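Colleague: Provided below are the primary sequence and the corresponding predicted coordinates.
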Amino acid sequence: MATMKAVRFHTYGSSDVLIYEDAPKPEPTAGEVLVKVHATSVNPIDWKIRAGHMKGFREYPLPFILGWDVSGVIESVGSGVTAFKPGHEVYGRPDAARNGAYAEYIAVKESELVPKPRSLDHIHSAAIPLAGLTAWQALFDTAGLTAGQKVLVHAAAGGVGHLAIQFAKIKNLYVAGTASGRNQEYLKQLGCDLPINYQTTRFEDVVHDFDAVIESMGGDVRSRSWKVLKKGGILVALIGPPPSEEDSKSHGVRATIIWGQMDAAQLTEIGLLADSGRVKPEIAAVFPLRDAAKAHEMSETEHVRGKIVLQVV
């Protein structure tokens with residue numbers, strides 16, 4: 001059996017359960033392609049799965065390979081594949097239920113990939129799919145925001161947040177964003193209309209009658225977010241547990257939780273925006289694949305500007 005290098009975990013636990021080792025090299029089946037992975041990124045969901053926090057929601061077959069972003073080059077194609085040929089540069093968001101992209105190769109459904117942005121290298125491209133699709137779908141598919149409306153983005157300098165601000169400004173929304181003091185200038189550079197330093201200012205004191213809140217914090221931040229919405233507004237949660245229906249009704253607003261799904265048309269559009277210079281993914285750090293544990297430890301601080309990327313090639 002052909003093998004490849006991958007980072008897997010055989011048991012749930014802290015970052016030291018991530019092992020850089022030989023693993024079976026996948027083969028593409030009908031409708032799939034084999035991608036030689038150049039880069040993948042670390043998302044907070046990765047370490048939450050690794051730590052066992054998601055066991056009640058989905059069971060993962062162990063040993064398991066994480067990684068829901070991929071940027072790389074088509075190595076080979078399965079039967080029935082028409083969109084791609086070996087040598088094509090692609091990026092995408094693989095199915096989270098299957099082994100992911102913390103590996104030299106990944107077998108991916110043809111529908112989970114689109115051409116990589118031409119202007120970006122693999123490292124920057126790998127930072128986009130899951131965070132970018134989550135931000136796009138939260139703002140436009142779920143909240144249904146249009147020009148002139150107002151949105152509060154929490155963790156605005158983070159992986160989803162920094163892309164959400166850029167998308168919102170492209171669509172002419174008014175954006176408030178929460179971040180630490182060190183990221184206030186960065187939020188201004190992104191075009192944020194009302195940067196809020198959560199270390200010195202309670203956001204609910206300065207944000208009122210907004211159409212939507214994009215919320216990835218839970219807990220106290222979520223409970224304080226209800227009061228900034230106008231009647232009929234919406235809170236879009238990006239982490240569990242789902243928002244309380246009782247809370248939303250008592251405030252006269254709507255609430256839901258989403259998990260960014262692959263959408264080829266949307267990811268293609270985001271890539272074109274990147275190629276036009278209007279969307280710029282921020283890279284906090286790049287680690288070699290073998291140092292995935294260190295990347296997880298950095299992500300777990302929850303004070304990362306932009307995205308952490310694992311470089312495979």
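Modeller: On my side now, so go ahead. Numbers count the residues shown, from 1 in each chain.
Colleague: From Glu27, how far out is Ser79?
Modeller: Ser79 sits 12 Å away from Glu27, taking Cβ to Cβ, to the nearest Å as the criterion. Quick note: C-beta positions are derived from backbone N, CA and C, even for glycine.
Colleague: what about Asp275, distance to Ile74?
Modeller: 20 Å.
Colleague: go on, Trp136?
Modeller: 25 Å.
Colleague: burial count for Ser79?
Modeller: As a burial measure, Ser79 scores 9 neighbours (other Cβ atoms under 10 Å).
Colleague: Check it and give its pLDDT.
Modeller: Predicted confidence (pLDDT) at Ser79: the value is 97.
Colleague: Would you agree it is in contact with Ala30?
Modeller: Yes. At 4.7 Å, Ser79 counts as touching Ala30 under the criterion of Cβ atoms under 8 Å.
Colleague: Report the contact partners of Pro28.
Modeller: Applying Cβ atoms under 8 Å, 6 or more residues apart in numbering to Pro28 gives the contacts 34, 76-78, 81, 107.
Colleague: ok, 6 Å please
Modeller: 34, 78, 107 (Cβ atoms under 6 Å, 6 or more residues apart in numbering).
Colleague: Just name the closest of the residues you listed to Ala97, please.
Modeller: Ala107 (13.1 Å; Cβ to Cβ).
Colleague: Distance-wise, check that closest one relative to Ala255.
Modeller: For Ala107, the distance to Ala255 - Cβ to Cβ - is 37 Å.
Colleague: Compare the two (neighbour count), which wins?
Modeller: Ala255 (23 against 19).
Colleague: Show me what the helix or strand harbouring that one is packed up against.
Modeller: Following DSSP states H and E, one finds Ala255 within strand 254-257. For strand 254-257, the elements it packs on are strand 229-237, judged by 3 or more Cβ pairs under 6 Å, 6 or more residues apart in numbering; DSSP states H and E.
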